[in-house]
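Have a look at this fold, sequence not included:
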Ligand code: 16G
């Protein structure tokens, strides 16, 4: 069975722009599980032939689904149905490491990278005295081309030589400075994305998400990180291994 039969697409059938109809059929096939998470799609040339549409129409339909996070493109490897990311809730890993472990590339877009003084809230959370200098890193986190999360980190200034030192991974920079956290406390809460946040992630306002607050500590007990991670609810599963008590 070729993909056109699998997803029930006939270019002669239905109304409205062809790329839109194709996009709808593909979306339906992904959402109903006809196309499985992590499944590779045939090459664009084969796909266009199978579906009896032009490469331009196909590309437009695929672009829409990539933009919505239902498909992702891996350079040199092709187009895949996006899988939900299983994130361990018991390992102290970084976003970059989580993505690399899944063969996905990660990058960030900066919203803010600045130096400032600790706020009253932060000073409580980090156990710092008022006025202590901190660095703030606010980022949109991407996996391949998909915006996955918003992250707002506050790091006491003693932990890094400068704010500018953080380019890719925050944990890599902390590691290089010898201040990567070795222990953390996390708190998780269900949230709805407001309009501004939704716009940054390219999703609809009111979409569900998970807010994870991590406080990371050094061996000697000093807090070295406070991060609010706003993860897309449609992209993540949180997994933890539990052991019997006693
Ligand atoms: C993860 C952490 C976040 C940390 C970031 C560092 C959770 C819930 N949050 O997103 O606390 O600051 O990774 O990532 O896991 P990076 O090293 O790639 O910048």
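Perfect, I can see it now. These numbers were taken from a predicted model, which means no experiment stands behind them.

does any bit of stretch 80-98 sit next to the ligand?
Yes. Judged by Cβ under 6 Å from any ligand atom, stretch 80-98 and the ligand are in contact via 94, 95, 96. C-betas here are computed from N, CA, C, even on glycine.

hang on, the second one packs against residue 141?
Looking back up the chat, that one is residue 95. Yes. With contact defined as Cβ atoms under 8 Å, residue 95 and residue 141 form a contacting pair (5.3 Å).

Overlap of the contact sets of the two?
Taking Cβ atoms under 8 Å, 6 or more residues apart in numbering as the contact rule, residue 95 and residue 141 both touch 106, 148, 149, 151.

Now the first one. Its backbone dihedrals?
Same thing as residue 106. phi -120, psi 150 (degrees, to the nearest 10).

ok, what's across the strand from it?
When assigned by DSSP bridges, residue 106 has beta-bridge partners residue 143.

surely it meets residue 146?
No. Taking contacts as Cβ under 8 Å, residue 106 lies outside contact range of residue 146: 10.3 Å.

hmm, who's touching the helix or strand residue 135 falls within?
Using DSSP states H and E, residue 135 sits within strand 133-143. Identification of contacts with strand 133-143 by Cβ under 8 Å, 6+ apart yields 72, 85, 95, 99, 102, 104-118, 122, 126, 128, 147-157, 160, 163, 166, 170, 200-201.

Show me which of those are buried.
72, 85, 95, 99, 104, 106, 108, 113, 118, 122, 126, 128, 147-157, 160, 163, 166, 170, 200-201 (16 or more other Cβ atoms under 10 Å).

Which residues of the chain lie near the ligand?
With Cβ under 6 Å from any ligand atom as the criterion, the chain meets the ligand at residues 94-96, 151, 153, 169-172, 212, 214, 225, 227, 229.
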